[in-house]
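Q: sequence and predicted structure are below.
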Amino acid sequence: MKIYLYFLLFLFINCQSQIIDKNALPQKGIQFEDKYHYPFTLSPKDFVIINSQEKMDEIFKIIHQKNKGNRLSPIPTVIENETYIIIKPRLKNSNDVSIDKISLINNTLYIKVTEFDNLDFQKTNRVSPNILLKLLGNINFTNIITQY
């Protein structure tokens, strides 16, 4: 009887090792540049993919209208091996976030963020910042998940 019990225990332990952890999925780490954080809304969507110069010009037209001051931000040039996106991570206890890591798993872009208080924004600002990111490479994805 003990032999059967040990055998079943051995099978149970082996079955547990076959469970795939979500973090064990192959991840494709993506190099990126955090270009700028805007304290106002650029689009009603949670994220915007900028894949043409015309779309970049439309976004910067909104930025130039909402920015106060005499200096206008330079408009980035969209080239082949770069993907620009604008994301709006939800705020919890701060007025801004910093981007730590970006990875791609099964057509979903996972963005790891850390909250911090940005001195350039009003302390009481509860509007999610619009963050312009440049992803190095042609990245195809359909969804974005922000991880805190």
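A: That came through, no problem.
Q: next, give phi and psi for Lys101.
A: phi -160, psi 150 (degrees, to the nearest 10).
Q: okay, now it: neighbour count?
A: Other residues near Lys101 come to 14 when the count uses other C-beta atoms under 10 Å. For the C-beta atoms, the positions are set from N, CA and C on the backbone; glycine is no exception.
Q: isn't it up against Lys28?
A: No: under the criterion of C-beta atoms under 8 Å, Lys101 makes no contact with Lys28, lying 11.7 Å away.
Q: identify the residues contacting Arg90.
A: Residues in contact with Arg90, defined by C-beta atoms under 8 Å, 6 or more residues apart in numbering, are Ser128, Thr146.
Q: make sure it is indeed in a strand.
A: No: using DSSP: H, G, I helix; E, B strand; the rest coil, the assignment for Arg90 is coil, not a strand.
Q: tell me the pLDDT of Met56.
A: Looking at Met56, its pLDDT is 96.
Q: separation between it and Ile49?
A: Here Met56 is placed at a distance of 11 Å from Ile49 (C-beta to C-beta, to the nearest Å).
Q: now for these two: what residues contact both?
A: Common contact partners of Met56 and Ile49 (C-beta under 8 Å, 6+ apart): Tyr84.
Q: what's across from the spatially most central residue of the chain in the sheet?
A: Most central in the chain under C-alpha atoms, centre = their mean is Ile111, positioned 3.4 Å from the mean C-alpha point. Counting by DSSP bridges, Ile111 is bridged to Ile102, Thr146.
Q: got the contact list for it?
A: Contacts of Ile111 (C-beta under 8 Å, 6+ apart): Ile87, Pro89, Ile99, Lys101, Ile102, Ile144, Ile145, Thr146, Gln147.
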